[in-house]
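> Whatever this is, show me its structure:
(one chain, ligands or ions: 1)
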Amino acid sequence: MSNLSNIDFENLSRDDLKSILECKKEDILELMSLANSKRESNFVTYSKNVFIPLTKICRNDCGYCAFKQSPDDPDAIILMEKDEVLSTLKEAEKYGCKEALFTIGEDADTEPAVKAKLDKLGYENMVDYIYDICKMTVEETELFPHTNAGNFSYEDMKKLKEYNISMGMMLENSSERLMNTIAHEKSPGKDPKLRIETIENAGKLNIAYTTGILIGIGETKEEIADSLLKIKEICDKYGHIQEVIIQNFTVSPGIEMEDHEEPSLLEMVRTVAAAQLLFDEDVSVQVPPNLNYETSQIFLLCGTDDWGGVSPLSEDYINPSSPWPTLERLEKLTNDAGYQLKERLAIYEKYINEKYIENPVLLEKTKRAQEEIENN
Ligand code: SF4
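Numbers count the residues shown, from 1 in each chain. Next up is the predicted model:
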């Protein structure tokens, strides 16, 4: 009898998740098939985006980070100015991009170099600047902002909601223990208490939200199970989590964890299956295709139904050594696995309403773009 037969799939407990995460080779194919049977449709979606790192200065210093720059680095992006952002957005329009992904180091304005530049441009803080950039994006381009910049206060997120159709931040892991390891020991913003509060605040504010976990940074199976259960608990309480990313740690040259081992393909398969089985069908589970260039199809067979943001023109600044697959390649991979590729916006369709987009101009614009996608 299969070792999976003792698991209550309708009501997965911590022990059940742990059993899935430790699933033996003789049960892996059955596990994948069970996870894939939760798929709601034959479509695999993606969002065509442009990745804009407004600043690469960050108050944290994660052991796996390949994004952050030092303000002393002559090539550091201290703060992209509005005209530079606008010209990138206009370029992205030509490629048909709909999502402006603003990824920003956390609390960058605590760094004097960033603060000085904000002062020079007439802004009090980073949140005011992000707000203005998002407003410009909505008013002057065909793109839709999605801001991912770490923790924000309730008030700051409330402000940013006006011009963001969705926001996001990885939980990474709910384990406090990791705050004393190479991964997070120099990153106060990775305190799971803070991150859980931010994700909950997004729920209280009805912001369509993307979060997820990072696999392979020294966590245990129990800690993966706890992290997934925590996201599920918040998701059930507020209903705002549209997507859960299962991201694999990858080595980039020069990072502090350069000698750390990457998670195996089967570890990822088990984790993706666990997430797929835990979350309701309308919460997408996603594995970044650029971090799994050769192996991404296998996750479709575990039920993933989204490729995430895919950029035809910008690099992945978070993982600079991992290029995006082209849309042609993504389509080929999707079709070859028996599914169909479909574009989506940075907000999933079920959230396109007054509750999640209170700004009427932004709501109308989003509805029009959704219609265009449907008609294409
Ligand atoms: S991974 Fe994110 S939070 Fe951590 S140092 Fe890099 S930019 Fe900052």
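> isn't there a strand covering residue 304?
No. The assignment for residue 304, made by DSSP: H, G, I helix; E, B strand; the rest coil, is coil rather than a strand.
> separation between it and the ligand?
Counting by Cβ to the nearest ligand atom, to the nearest Å, the gap from residue 304 to the ligand is 23 Å. Every residue, glycine included, has its C-beta placed from N, CA and C.
> Count the neighbours of that residue for me.
Using other Cβ atoms under 10 Å, residue 304 has 29 other residues around it.
> Now do the contacts for it.
Each residue near residue 304 by Cβ atoms under 8 Å, 6 or more residues apart in numbering is listed here: 44, 272, 276, 284-287.
> Helix or strand next in line after the longest strand along the chain, which one?
Among the segments of the chain that qualify as a strand by DSSP state E, the longest is strand 43-52. Using DSSP states H and E, the next helix or strand after strand 43-52 towards the C-terminus is helix 82-94.
> and that following helix, how far out from the chain's middle?
Taking Cα atoms, centre = their mean, to the nearest Å, one finds helix 82-94 lying 22 Å from the centre of the chain it belongs to.
> cool, stretch 105-115 as well?
With Cα atoms, centre = their mean, you get 22 Å for stretch 105-115.
> Ok, stretch 11-29 next?
Per Cα atoms, centre = their mean, the centroid offset for stretch 11-29 relative to its chain is 25 Å.
> and that stretch, which residues are buried?
By 16 or more other Cβ atoms under 10 Å, the buried positions in stretch 11-29 come out as 12, 16-21, 23, 27-28.
> What distance separates the opening and closing residues of it?
21 Å (Cα to Cα, to the nearest Å).
> sorry, back to before: ok, the longest strand of the chain: who's next to it in the sheet?
Paired strands of strand 43-52, with direction, are strand 99-103 (parallel), strand 306-310 (parallel), strand 340-343 (parallel) (DSSP bridges).
> hang on, the earlier thing: could I get the buried residues of stretch 11-29 as a markdown table with distance to the ligand?
Shown next, in a markdown table, are those (distance: Cβ to the nearest ligand atom, whole Å):
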| residue | distance to the ligand |
| --- | --- |
| 12 | 29 |
| 16 | 31 |
| 17 | 25 |
| 18 | 27 |
| 19 | 31 |
| 20 | 28 |
| 21 | 24 |
| 23 | 30 |
| 27 | 34 |
| 28 | 31 |
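> Can you list which of these are found in strands?
Short answer: these have none in strands (DSSP E).
> how about a markdown table for the strands paired with strand 43-52, with distance to the ligand added?
What follows is these, written out as a markdown table (distance: least, Cβ to the nearest ligand atom, whole Å):
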| stretch | distance to the ligand |
| --- | --- |
| strand 99-103 | 8 |
| strand 306-310 | 16 |
| strand 340-343 | 27 |
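> and the residue of the stretch 151-300 of the chain found nearest the ligand, how many neighbours?
Of all residues in the stretch 151-300 of the chain, residue 187 sits closest to the ligand, at 5.4 Å by Cβ to the nearest ligand atom. As a burial measure, residue 187 scores 21 neighbours (other Cβ under 10 Å).
> Ramachandran angles for it?
phi -130, psi 80 (degrees, to the nearest 10).
> wait, it sits on residue 68?
No. Residue 187 is not in contact with residue 68 according to Cβ atoms under 8 Å; the separation is 10.0 Å.
> intersection of neighbour lists for these two?
Joint contacts of residue 187 and residue 68 (Cβ under 8 Å, 6+ apart) are 60-62.
> Now the buried members of those residues.
60-62.
> which of those come close to the ligand?
The subset of those within reach of the ligand, by Cβ under 6 Å from any ligand atom, is 60-62.
> how far out from the middle of the chain is the longest strand of the chain?
When C-alpha coordinates are averaged (Cα atoms, centre = their mean), strand 43-52 and its chain have centres 11 Å apart.
> Tell me what angle that strand forms with helix 82-94.
Relative orientation of strand 43-52 and helix 82-94, computed by axes from the mean of the first three to the mean of the last three Cα atoms, to 10 degrees: 150 degrees.
> Quick one: check strand 43-52 for contact with the ligand.
No. Residues of strand 43-52 contacting the ligand under Cβ under 6 Å from any ligand atom: none, with a closest distance of 13.2 Å.
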